[in-house]
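Novice: sequence and predicted structure, then a few things I'm wondering about:
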Amino acid sequence: MCGIVGYVGKERALPRVLSGLKFLEYRGYDSAGVAYLFNDEVKITKEVGRISSLEKLIDLDADSYMAIGHTRWATHGEPSVSNSHPHRIGKFTVVHNGIIENYLSLKEDLKKKGIKFLSSTDTEVIPALLDYYYKSEKDILKTIKKVIGILEGSFALGIICDDDKENIYAVRRGSPLILALDKMGMFIASDVPAILCYTNKYILLEQNEIAKINKNSYQVYDQNLKEIKKEVKTFEGSQDAAMLNGYEHYMLKEIHEEEKVYLDTLNYYVSDNSFKETMPEFKKYNNIHIVACGSAYYVGCIAKNLIENYANIPVYVEVASEYRYKKNFYDSNTLVIIISQSGETADSLEALRRAKNDGIDTLAIVNVVLSSIAREAKYTLYVKAGPEIAVATTKAFLAQTTLMALLAVRLSRKNELLKEFVGVEKYINEILSRNYLDYAKEIAKSNDTFFIGRLVDYALCLEGSLKLKETAYINSVAFQAGELKHGTISLITKGTPVIGICTCHEIAPKTISNLKEVAARGAKIIYITSEEVEDNFYDKLIILPKLADLVMPIITVIPLQLIAYEVAKLKGCDIDKPRNLAKSVTVE
Ligand code: F6R
């Protein structure tokens with residue numbers, strides 16, 4: 001949700017913290033700030049907007065060797081300088097990612113003790129509590145331990161205390177945080193890309209662990225302040241994977257990585273048309289629930305079609321924010337599958353925890369290695385998408401769809417179906433090489449767009465529509481093709497773009513009839529199909545290769561992603577960081 005970077009070492013701290021924050025900007029980008037030690041004093045600079053605006057206010061050459069920084073996605077209080085992090089009260093300066101659920105009552109108590117607050121954030125109670133309890137505890141670690149015992153909610157914190165000019169302190173519960181080690185110093189960061197310019201060695205902080213870093217060393221303590229040994233991990237991905245590499249936007253770069261992502265995911269689970277041991281058999285399950293949010297939920301909708309059709313197992317799909325509160329019908333033969341690119345989405349994580357508490361087996365389909373969902377599920381299958389920086393997901397969607405199609409085959413126990421995956425990458429490549437600008441021009445002219453399709457095509461419509469809404473700010477609705485005439489068709493007027501998707505050929509005549517109905521009312525039809533069409537009811541046509549139904553969704557999503565990208569570009573939108581969004585939604 002927000003991004004944290006801290007550095008203490010032998011090099012100047014501000015360039016390192018600022019460059020790290022730029023890599024985390026995808027997590028939130030409505031304001032940013034840094035606190036740094038300069039001439040033995042903690043200085044704070046904050047600004048509304050992007051890191052680039054903050055950078056203009058900072059002297060990167062300042063002789064400062066210890067700093068913490070933050071990029072914010074506002075939850076409590078509007079984006080403003082006073083609400084930006086770091087927050088400072090008394091001797092403590094803090095950056096925070098997460099949400100403090102009991103902040104209102106804490107704030108009231110602290111106000112009664114005479115503490116004055118300057119922001120409307122939940123975060124500000126943290127330095128206030130630290131400063132208050134430090135007066136009696138007189139020890140920073142003991143104070144942090146005391147305060148995290150009081151806080152409810154989720155947090156990753158970077159902390160500086162005026163009385164300790166050598167160490168940065170860090171602690172996490174819920175929200176992710178890593179330590180990273182470099183010959184020239186130590187980092188804390190919300191995510192690995194922030195530190196990859198400097199090092200690929202990192203340590204994952206677990207729940208409630210407290211860390212202390214200085215220019216030469218680090219210590220990690222458990223909740224009882226007992227020092228613990230931590231494994232130093234090496235990030236395997238290249239830094240290129242987290243950089244633009246000549247593309248104009250991360251979204252475009254990531255879409256163009258889809259051929260590789262497809263192959264990486266396939267080859268991780270399959271070799272010579274057989275499953276490797278990386279893919280468990282999942283034999284005992286006769287009922288499946290798929291739970292996720294946003295695009296990951298739409299992958300679930302695609303997977304429902306594939307698993308039901310190929311494996312003959314009933315699948316229930318629900319968005320995580322509903323699933324976690326509703327009555328669920330499951331038993332020991334139910335598998336609850338959580339799909340999440342980030343592995344940190346709060347509602348998905350809580351849905352997983354709920355199923356676990358109810359004694360139900362869980363499977364995580366995750367991109368980010370060792371993320372919370374990946375670690376807490378009974379089984380975890382990773383998609384091999386690599387770091388996804390653009391806020392709107394593309395390559396992770398394709399990788400998740402690939403993996404769910406493989407899972408459908410695994411559950412069907414018809415291994416011969418694996419041959420359908422052979423060579424799909426060539427089609428991905430060919431579809432990526434086409435030009436989608438003409439289709440985009442049609443859509444960019446309009447304020448409303450409709451996507452219609454049936455069954456699995458409807459699931460793809462949902463994703464195409466979301467991509468257009470979030471990246472190009474076009475109001476767009478996805479409908480089951482047969483449902484439109486039950487009311488919504490009244491919104492179709494002359495020139496309204498309607499994108500019809502039909503890859504399920506047995507029902508093509510029905511979908512085509514629905515498209516003709518809207519064409520008769522003036523709609524401009526873009527028809528996406530994998531069969532030659534004789535009738536001329538459309539304005540523009542996208543013909544895809546005709547592959548098995550099992551793998552068709554993998555290639556069909558690509559034109560939808562590229563059309564949304566082109567429309568967003570024509571409209572001059574902020575493609576990689578659409579307004580109001582953040583990459584990883586760690587609030588409920
Ligand atoms: C849309 C998008 C979101 C995410 C959703 C779930 O492009 O990226 O809808 O799919 O927020 O995120 P994860 O997959 O990280 O759980």
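Specialist: In hand now; what should we look at?

Novice: now do the contacts for residue 342.
Specialist: Residues near residue 342 by C-beta atoms under 8 Å, 6 or more residues apart in numbering: 366-368, 371, 583-584. Every residue, glycine included, has its C-beta placed from N, CA and C.

Novice: kindly recompute the last result at 7 Å.
Specialist: 368, 371, 583-584 (C-beta atoms under 7 Å, 6 or more residues apart in numbering).

Novice: just residue 504 next, same as before
Specialist: 454-457.

Novice: what do you get if the cut-off is 6 Å, keeping everything else the same?
Specialist: If you count contacts by C-beta atoms under 6 Å, 6 or more residues apart in numbering, residue 504 has them with 455, 457.

Novice: again with the one 5 residues further on
Specialist: Under the criterion of C-beta under 6 Å, 6+ apart, residue 509 has no contact partners.

Novice: likewise residue 33?
Specialist: 46, 70, 84-86.

Novice: of those, which is the nearest to the ligand?
Specialist: residue 70 (20.6 Å; C-beta to the nearest ligand atom).

Novice: is it true that that closest one lies in a strand?
Specialist: Yes - assessed by DSSP: H, G, I helix; E, B strand; the rest coil, residue 70 belongs to a strand.

Novice: burial measure for it, as a count.
Specialist: Residue 70: 31 surrounding residues under other C-beta atoms under 10 Å.

Novice: who wins for neighbours among the contacts of residue 33?
Specialist: Among the contacts of residue 33, residue 70 has the most neighbours (other C-beta under 10 Å), with 31 neighbours.

Novice: and that residue, how far from residue 426?
Specialist: To residue 426, residue 70 is 45 Å away according to C-beta to C-beta, to the nearest Å.

Novice: can you list the domains in the protein?
Specialist: 3-240, 245-422, 434-573 (automatic domain parsing).

Novice: including distance to the ligand, could these go into JSON lines?
Specialist: Formatted as JSON lines, the domains of the chain follow (distance: least, C-beta to the nearest ligand atom, whole Å):
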{"stretch": "domain 3-240", "distance to the ligand": "10"}
{"stretch": "domain 245-422", "distance to the ligand": "2"}
{"stretch": "domain 434-573", "distance to the ligand": "6"}
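
Novice: specify the local secondary structure of residue 438.
Specialist: helix.

Novice: tell me, how many neighbours does the residue nearest to it when sequence neighbours are not counted end up with?
Specialist: Using C-beta to C-beta, 6 or more residues apart in numbering and skipping residues adjacent in sequence, the residue nearest residue 438 is residue 540, 6.7 Å away. As a burial measure, residue 540 scores 15 neighbours (other C-beta under 10 Å).

Novice: again with residue 102
Specialist: Around residue 102 there are 13 residues (other C-beta under 10 Å).

Novice: pull the CA atoms of stretch 552-568 into CSV?
Specialist: What follows is stretch 552-568 as a C-alpha-only set of coordinates in CSV (Å, rounded to 0.1, in the frame of the first residue of the first chain):
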residue,chain,number,x,y,z
MET,A,552,-7.8,-20.0,-25.6
PRO,A,553,-8.1,-17.6,-22.6
ILE,A,554,-4.3,-17.3,-22.4
ILE,A,555,-4.1,-15.7,-25.8
THR,A,556,-7.5,-13.9,-25.8
VAL,A,557,-6.6,-11.6,-23.0
ILE,A,558,-3.6,-10.1,-24.8
PRO,A,559,-5.6,-7.9,-27.3
LEU,A,560,-7.7,-6.7,-24.4
GLN,A,561,-4.6,-5.6,-22.5
LEU,A,562,-3.0,-3.9,-25.5
ILE,A,563,-6.2,-2.1,-26.5
ALA,A,564,-6.5,-0.7,-22.9
TYR,A,565,-2.9,0.3,-23.1
GLU,A,566,-3.3,2.1,-26.4
VAL,A,567,-6.5,3.9,-25.3
ALA,A,568,-4.8,5.0,-22.1
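
Novice: can you give me how far it is from the chain middle?
Specialist: Distance of stretch 552-568 from the chain centroid (C-alpha atoms, centre = their mean, to the nearest Å) equals 19 Å.

Novice: contact partners of stretch 128-141?
Specialist: With C-beta under 6 Å, 6+ apart, stretch 128-141 has contacts from 89-92, 110, 115, 143, 146-147, 161, 164, 225.

Novice: farthest pair within these?
Specialist: Spatial extent of the contacts of stretch 128-141 (C-beta to C-beta) is set by the pair 115 and 225 at 25.6 Å.

Novice: just for the chain, where's the confidence low?
Specialist: Along the chain, segments meeting pLDDT under 70 span 1, 238-242.

Novice: quick one on the thing from earlier: want to throw the domains of the chain into JSON lines with distance to residue 588?
Specialist: JSON lines is the format used below for the domains of the chain (distance: least, C-beta to C-beta, whole Å):
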{"stretch": "domain 3-240", "distance to residue 588": "8"}
{"stretch": "domain 245-422", "distance to residue 588": "5"}
{"stretch": "domain 434-573", "distance to residue 588": "20"}
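
Novice: ok, back up a step: more neighbours: residue 115 and residue 225, which one.
Specialist: Neighbours were tallied for residue 115 and for residue 225 using other C-beta under 10 Å; the higher tally belongs to residue 115 (18 against 12).

Novice: look at the more buried one and give its secondary structure.
Specialist: Under three-state DSSP, residue 115 falls in the coil class.

Novice: residues touching it, list them.
Specialist: Residues in contact with residue 115 (C-beta under 6 Å, 6+ apart) are residue 128.

Novice: sorry, back to before: filter the contacts of stretch 128-141 down to the ones in helices?
Specialist: Counting by DSSP state H, the contacts of stretch 128-141 place 110, 143, 146-147 in helices.

Novice: can you select the buried ones among these for me in PyMOL?
Specialist: The PyMOL command for the buried members of the ones in helices among the contacts of stretch 128-141 (criterion: 16 or more other C-beta atoms under 10 Å) is given here:
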select buried, resi 110+143+146+147
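
Novice: I'd guess residue 236 is in a strand, am I close?
Specialist: No - according to three-state DSSP, residue 236 belongs to no strand; its state is coil.

Novice: find the nearest non-adjacent residue to it, please.
Specialist: That would be residue 200: by C-beta to C-beta, 6+ apart, it lies 8.0 Å from residue 236.

Novice: okay, now that neighbour: neighbour count?
Specialist: Close neighbours of residue 200, defined as other C-beta under 10 Å, add up to 17.

Novice: cool, and residue 330?
Specialist: Residue 330 sits with 17 neighbouring residues when counted by other C-beta under 10 Å.

Novice: what's the helix or strand for it?
Specialist: Using DSSP states H and E, residue 330 falls within no helix or strand.

Novice: backbone dihedrals for the residue nearest to it when sequence neighbours are not counted, please?
Specialist: Spatial nearest neighbour of residue 330, chain neighbours left out: residue 360 (5.2 Å); criterion: C-beta to C-beta, 6+ apart. Listed backbone geometry of residue 360 is phi -100, psi 140, with angles given as degrees, to the nearest 10.

Novice: what about residue 360, neighbour count?
Specialist: Residue 360 has 20 nearby residues by other C-beta under 10 Å.

Novice: would you check that it makes contact with residue 336?
Specialist: Yes - Residue 360 is within contact range of residue 336, at 5.3 Å (criterion: C-beta atoms under 6 Å).

Novice: separation between residue 494 and residue 337?
Specialist: 44 Å.

Novice: higher neighbour count, the two?
Specialist: Between residue 494 and residue 337, counting by other C-beta under 10 Å, residue 337 is the more crowded of the two (28 against 8).

Novice: mind checking what secondary structure the more buried one has?
Specialist: Classified using three-state DSSP, residue 337 is strand.

Novice: again with residue 45
Specialist: strand.

Novice: residues touching it, list them.
Specialist: Applying C-beta under 6 Å, 6+ apart to residue 45 gives the contacts 34, 57-58.

Novice: what separates it from residue 408, distance-wise?
Specialist: Residue 45 is 52 Å from residue 408, by C-beta to C-beta.

Novice: pull up the pairing partners for the helix or strand encompassing residue 158, direction included.
Specialist: Following DSSP H and E, one finds residue 158 within strand 153-161. Applying DSSP bridges, strand 153-161 is found paired with strand 92-100 (antiparallel), strand 168-173 (antiparallel).
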